[in-house]
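In: When you get a sec, could you give me coordinates for this:
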Amino acid sequence: MQEKKQVIIIVVIAVIVIAIIGVVAYFNNSKKTSARPGFYEGEMSLEKMSEVSTCPLTADKDAFAKCLTEKGWAMYGAAWCSHCQAQKALFGTSFQYIKYVECPDNVQLCTDKGVNGYPTWIVENK
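Out: Below you'll find the model as predicted:
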């Protein structure tokens, strides 16, 4: 009987710990996903950028990149960031038309903009 009580107590404690971890994870994720319009933290597919920005995604990525920049989009990142490198690779040579801020070289600007992770896309005119 004593062993049964110990097992029940262990199970109850495990459930409570798992619940606490879930709540903490939920709130940590909600902080990462800003409710601010025009603020996108993390990698984005070109399709998602096209959908959100209304810039048409065609085979001409130069035109797409120029449209994003004209609409005030800017990417904040770091050269050593593998996610930033992957994001840039989606554009290929067309990335030259994207407004890009290298945060380690512009710490105060990135802090003022609320950049907490890389890459972060911010639509400046929002």
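In: Below-threshold pLDDT in this structure: ranges please.
Out: 11-12, 14-15, 17, 19, 21-35, 126 (pLDDT under 70).
In: Please enumerate the helices of it.
Out: Ranges of helices within the chain are 2-32, 46-53, 61-70, 82-91, 107-113, based on DSSP state H.
In: So which of these is nearest residue 97?
Out: helix 61-70 (3.8 Å; C-beta to C-beta). From N, CA and C alone the C-beta is placed, and that goes for glycine too.
In: What lies in contact with the closest one?
Out: For helix 61-70, the surrounding residues in contact (C-beta atoms under 8 Å, 6 or more residues apart in numbering) are 46, 49-50, 53, 55-58, 91-92, 94-99.
In: and with 10 Å instead?
Out: 46, 49-50, 52-58, 60, 73-75, 90-100, 121, 123-125 (C-beta atoms under 10 Å, 6 or more residues apart in numbering).
In: now the residues you listed: which count as buried?
Out: Buried by 16 or more other C-beta atoms under 10 Å: 46, 49-50, 52-53, 55, 57, 73-75, 91, 94, 97-98, 100, 121, 123, out of the contacts of helix 61-70.
In: per-domain residue ranges of this structure.
Out: The chain breaks down into these domains under automatic domain parsing: 1-32, 37-123.
In: Buried deepest among these, which one?
Out: Of all the domains of the chain, domain 37-123 carries the top mean neighbour count, a mean of 16, counting by mean count of other C-beta atoms under 10 Å.
In: Kindly check the end-to-end length of that one for me.
Out: Start-to-end span of domain 37-123 (C-alpha to C-alpha, to the nearest Å) is 8 Å.
In: what's the closest non-adjacent residue to residue 98?
Out: Spatial nearest neighbour of residue 98, excluding adjacent residues (C-beta to C-beta, 6 or more residues apart in numbering): residue 65 at 5.2 Å.
In: Which strand residues bridge residue 76?
Out: Under DSSP bridges, the beta-bridge partners of residue 76 are residue 101, residue 120.
In: correct me, but it touches residue 106?
Out: Yes - counting by C-beta atoms under 10 Å, residue 76 touches residue 106, with 8.4 Å between them.
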